[in-house]
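Enquirer: Okay, here's the prediction I keep looking at, along with the sequence it came from:
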Number of protein chains: 12
Amino acid sequence: MSNHVYKNLELTGTSTKSIDDAVRGAIAKASKTLRNIHWFEVTETRGHVADGKVAHWQVTIKVGFTLED
Amino acid sequence: MSNHVYKNLELTGTSTKSIDDAVRGAIAKASKTLRNIHWFEVTETRGHVADGKVAHWQVTIKVGFTLED
Amino acid sequence: MSNHVYKNLELTGTSTKSIDDAVRGAIAKASKTLRNIHWFEVTETRGHVADGKVAHWQVTIKVGFTLED
Amino acid sequence: MSNHVYKNLELTGTSTKSIDDAVRGAIAKASKTLRNIHWFEVTETRGHVADGKVAHWQVTIKVGFTLED
Amino acid sequence: MSNHVYKNLELTGTSTKSIDDAVRGAIAKASKTLRNIHWFEVTETRGHVADGKVAHWQVTIKVGFTLED
Amino acid sequence: MSNHVYKNLELTGTSTKSIDDAVRGAIAKASKTLRNIHWFEVTETRGHVADGKVAHWQVTIKVGFTLED
Amino acid sequence: MSNHVYKNLELTGTSTKSIDDAVRGAIAKASKTLRNIHWFEVTETRGHVADGKVAHWQVTIKVGFTLED
Amino acid sequence: MSNHVYKNLELTGTSTKSIDDAVRGAIAKASKTLRNIHWFEVTETRGHVADGKVAHWQVTIKVGFTLED
Amino acid sequence: MSNHVYKNLELTGTSTKSIDDAVRGAIAKASKTLRNIHWFEVTETRGHVADGKVAHWQVTIKVGFTLED
Amino acid sequence: MSNHVYKNLELTGTSTKSIDDAVRGAIAKASKTLRNIHWFEVTETRGHVADGKVAHWQVTIKVGFTLED
Amino acid sequence: MSNHVYKNLELTGTSTKSIDDAVRGAIAKASKTLRNIHWFEVTETRGHVADGKVAHWQVTIKVGFTLED
Amino acid sequence: MSNHVYKNLELTGTSTKSIDDAVRGAIAKASKTLRNIHWFEVTETRGHVADGKVAHWQVTIKVGFTLED
């Protein structure tokens, strides 16, 4: 088995619904152009407030994918 | 356009239901006395355990709001 | 009242459903062998990706419980 | 039981005597105006030096108290 | 000499001109309502971009002031 | 001389008296079941407040001890 | 309104003049190839010294821009 | 597939030879009593010096293993 | 001399042999597509364990390279 | 008034008695050779254990003193 | 080419004018006694406030210089 | 036994060969002028790249040595 190299990107997903949904959205979007995403790590959870309510969640993740030869 | 100044406060919301709900509760409570809350950032997620289950979630957030003239 | 001593353990729960569910699973599992778990703190939120979707969430928590005499 | 919201403040106590005394002083002072302080966390321990001796200790704490309705 | 207690606040100043100017603006604004501000510490430097240029700087500072008796 | 392996545990001691006393209590308790504790490091200093006073100190330490063959 | 996804990049700008100028240079350069840069955060400020003077400043920023569909 | 729970331990390996060797020693030792170790992360690299040379390396790792039912 | 701008990427190299080898592999791979890599910084050292031994090392590095005009 | 430059040193004081005493010892020792020490900050609190008791405390501080012309 | 060893010092420069000026002052001062300073890194930016204005900036930097044979 | 005071210095060793070798070089160099170095801690691992290869490793360590009377 050869030694793989992975590249890690940072993305921020947004969602009006929940923290989990913001993560899922970012991964779905990234998967359209990047094959081979293997993992993610949440690095920041923020959000905007409007009218005294959470208007949308902003969750930043690092994603790792295989660099192909 | 003038240069704004924001003040940031740290709050801890609690919820028996979920992480997201604890955040929403803290923002709803703060909005009763503070107008102009614009954003929040989650800085700590903790909780209490009773009878082997999550009794309630405690989520600490920083919120930022405009200092009015 | 005597002075208690607590021990803190680090656990990683996994769930195909949500962040909250991964925490609940880790606490339920730990409670089978440890009585007196009082609190937890989330220290890391990661996950695996398969077919462009979150395959499962991995949430690491510290839990604290009373050392009995 | 309702879901509480806590507010966290940062204070710096000073003392010519000891680290512990600086913490106690900050909490005593804050308790004059804030009811319902529940906990504190030490976030920084510093001090001034004069004539080759500790002139006073400066200990910064975060304190959390209940936001009343 | 008595033992003082200080309170620390977090503010975010904004400026279209420079990092230094954003700090100065936040301190000028806070000084209108708080006497006895003694020090500050820069904790975050961010900004917004528009048309490929820095539209304004956002600098977050902690400020410490004496709690009066 | 062989190459040793150490295991590190995290404990939280509590004391109504002082920070130092909370550390001493945690080490005394741990030494009843663990031989060969060599060192500790303070990782967190917190406490509970009641009636405007420090009710008890909670000091978290990491302790290291030799894994025997 | 749809849920946006942002990508965050890390850049290091250099300038012989000032910290602010190094940030501006990095953003100007990045804007040649990336539309829709919205924000930046300064993550590191370093520099080289020659002949006892600051030869140039090196300021590292994270920039966030919208991933287009 | 069920949802697994992992436990994470902190160990410090020592070696007179190299950083890598200290890690390998800690894992070999832990594997005598713990089945199902899956991963490790290096959290601290230290060492002792004697006669102006590295006498031994001390490398602290976190290891994760499956909690069995 | 003009003011350069650098871009920083995060890569994870893997190796069955050693920490150093995982770094060298990631840099060799990245150099196939990126000219002008100047420096790297190790940000995380992890690994997988199989049969009680280090199966492979995973070392994450940040690399910086010149953005060309 | 001219612009001063300060130099910061890191010292570790040890004491068989208390955390505070270890800090005082380090400052007393440093003051024998360095005039103009102005402040200190505690950066690490550790200790050695012997016979199940704290044998001595090791407290690391940064001290700042004026560089004279 | 031989393998160099560098020593890193921490200095705090002060200036009534700007952040950049405080850094320049610290480097100019250090260069009077240390040849071969190569780089610096800003590690803390603070300041004193008087009469509601920044009285002076205090910027802490690490500087690295070659240890000569 | 008296209470010792230690001084901690930060050094950066470089090596064309390996991480371990860079640490050994820094300690050997420091030991020429400082007696009584007792321990070190690795605080940063970086390097330069030339022609797509690691040209040399730069490893920063803190070293602690006894201040003699």
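Expert: Cool, the structure landed.

Enquirer: How about stretch A:26-45 and chain E, touching?
Expert: No. Using CB under 8 Å from any CB of the partner chain, stretch A:26-45 stays clear of chain E, with a minimum separation of 12.3 Å. For glycine as for every other residue, the C-beta is placed from the backbone atoms N, C-alpha and C.

Enquirer: likewise stretch A:7-15?
Expert: No. Using CB under 8 Å from any CB, stretch A:7-15 never reaches chain E; the gap is at least 13.8 Å.

Enquirer: what sits up against that stretch?
Expert: A:21-27, A:29-30, A:34, A:43-44, A:56-65, A:67, G:3-9, G:62, G:64, G:67, I:9-12, I:60 (CB atoms under 8 Å, 6 or more residues apart in numbering or on different chains).

Enquirer: ok now it, how far from the chain's centre?
Expert: 4 Å (CA atoms, centre = their mean, to the nearest Å).

Enquirer: Give me the mean pLDDT for that stretch.
Expert: The average pLDDT within stretch A:7-15 is 97.

Enquirer: could you dump that stretch to CSV, C-alpha only?
Expert: What follows is stretch A:7-15, C-alpha atoms only, in CSV (Å, rounded to 0.1, in the frame of the first residue of the first chain):
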residue,chain,number,x,y,z
LYS,A,7,-5.3,18.1,1.3
ASN,A,8,-7.3,19.9,4.0
LEU,A,9,-9.7,22.8,3.1
GLU,A,10,-11.7,25.2,5.3
LEU,A,11,-15.3,25.8,4.5
THR,A,12,-18.2,27.6,6.2
GLY,A,13,-21.7,26.3,5.7
THR,A,14,-24.8,28.3,6.6
SER,A,15,-28.3,27.2,7.5
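
Enquirer: Beyond the helix or strand hosting residue A:27, next helix or strand please.
Expert: In the assignment (DSSP states H and E), residue A:27 maps to helix A:19-31. Using DSSP H and E, the helix or strand that follows helix A:19-31 in sequence is strand A:37-50.

Enquirer: now for that following strand, which elements pack on it?
Expert: Strand A:37-50 sits against strand A:5-15, helix A:19-31, strand A:53-66, helix B:19-31, strand B:37-50, strand C:37-50, with contacts defined as 3 or more CB pairs under 8 Å, 6 or more residues apart in numbering or on different chains; DSSP states H and E.

Enquirer: Identify the spatial nearest neighbour of residue A:39, chain neighbours not counted.
Expert: residue A:64 (5.1 Å; CB to CB, 6 or more residues apart in numbering or on different chains).

Enquirer: ok, the one you found - contacts?
Expert: A:6-8, A:37-40, I:12.

Enquirer: Look at it and report its pLDDT.
Expert: For residue A:64, pLDDT reads 97.

Enquirer: Spatially, what comes nearest to residue A:4 if we skip its sequence neighbours?
Expert: Excluding the flanking residues, the one nearest residue A:4 by CB to CB, 6+ apart is residue I:14, at 5.3 Å.

Enquirer: how many other residues sit next to the one you found?
Expert: 22 (other CB atoms under 10 Å in any protein chain shown).

Enquirer: same check, this time on residue A:20
Expert: 22.

Enquirer: That one reaches residue C:18, doesn't it?
Expert: Yes. At 5.1 Å, residue A:20 counts as touching residue C:18 under the criterion of CB atoms under 8 Å.

Enquirer: what residues are shared contacts of these two?
Expert: Joint contacts of residue A:20 and residue C:18 (CB under 8 Å, 6+ apart) are residue C:57.

Enquirer: Contact partners for the residue in chain A that chain E sits nearest to?
Expert: In chain A, the residue that lies nearest chain E is residue A:46 (11.9 Å; CB to the nearest CB). Residue A:46 makes contact with A:57-60, B:39-42 under the criterion CB under 8 Å, 6+ apart.

Enquirer: Looking at strand pairing, list the partners for it.
Expert: residue A:58, residue B:41 (DSSP bridges).

Enquirer: From residue A:22, how far out is it?
Expert: Computed as CB to CB, to the nearest Å, the residue A:46 to residue A:22 distance reads 10 Å.

Enquirer: Give me the common contacts of those two.
Expert: A:57-59.

Enquirer: would you turn those into CSV with pLDDT, distance to residue K:52 and neighbour count?
Expert: Formatted as CSV, the shared contacts of residue A:46 and residue A:22 follow (pLDDT from 0 to 100; distance: CB to CB, whole Å; neighbours: other CB atoms under 10 Å in any protein chain shown):
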residue, pLDDT, distance to residue K:52, neighbour count
A:57, 98, 38, 26
A:58, 98, 35, 22
A:59, 98, 39, 27
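
Enquirer: and which of the residues you listed is nearest chain B?
Expert: Scanning the shared contacts of residue A:46 and residue A:22 for proximity to chain B, where the rule is CB to the nearest CB, the winner is residue A:57, at 7.9 Å.

Enquirer: I figured that closest one hits residue A:24, correct?
Expert: No. The criterion here is CB under 8 Å, and residue A:57 misses it with residue A:24 at 11.5 Å.

Enquirer: Return the distance of the residue of chain A closest to chain E relative to residue B:30.
Expert: Residue A:46 is 16 Å from residue B:30, where distance means CB to CB.

Enquirer: so residue A:13 bridges to which residues?
Expert: What pairs with residue A:13, by the bridge criterion (DSSP bridges), is residue A:59, residue G:5.

Enquirer: got a list of what residue A:60 touches?
Expert: Residue A:60 makes contact with A:10-12, A:42-46, G:8, according to CB under 8 Å, 6+ apart.

Enquirer: One more pass at 10 Å, please.
Expert: Residue A:60 makes contact with A:10-13, A:22-23, A:26, A:41-46, G:6, G:8, G:62, G:64, according to CB atoms under 10 Å, 6 or more residues apart in numbering or on different chains.

Enquirer: Which of those are buried, as a PyMOL select command?
Expert: To isolate the buried members of the contacts of residue A:60 in PyMOL, using 16 or more other CB atoms under 10 Å in any protein chain shown:
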select buried, (chain A and resi 10+11+12+13+22+23+26+41+42+45+46) or (chain G and resi 6+8+62+64)
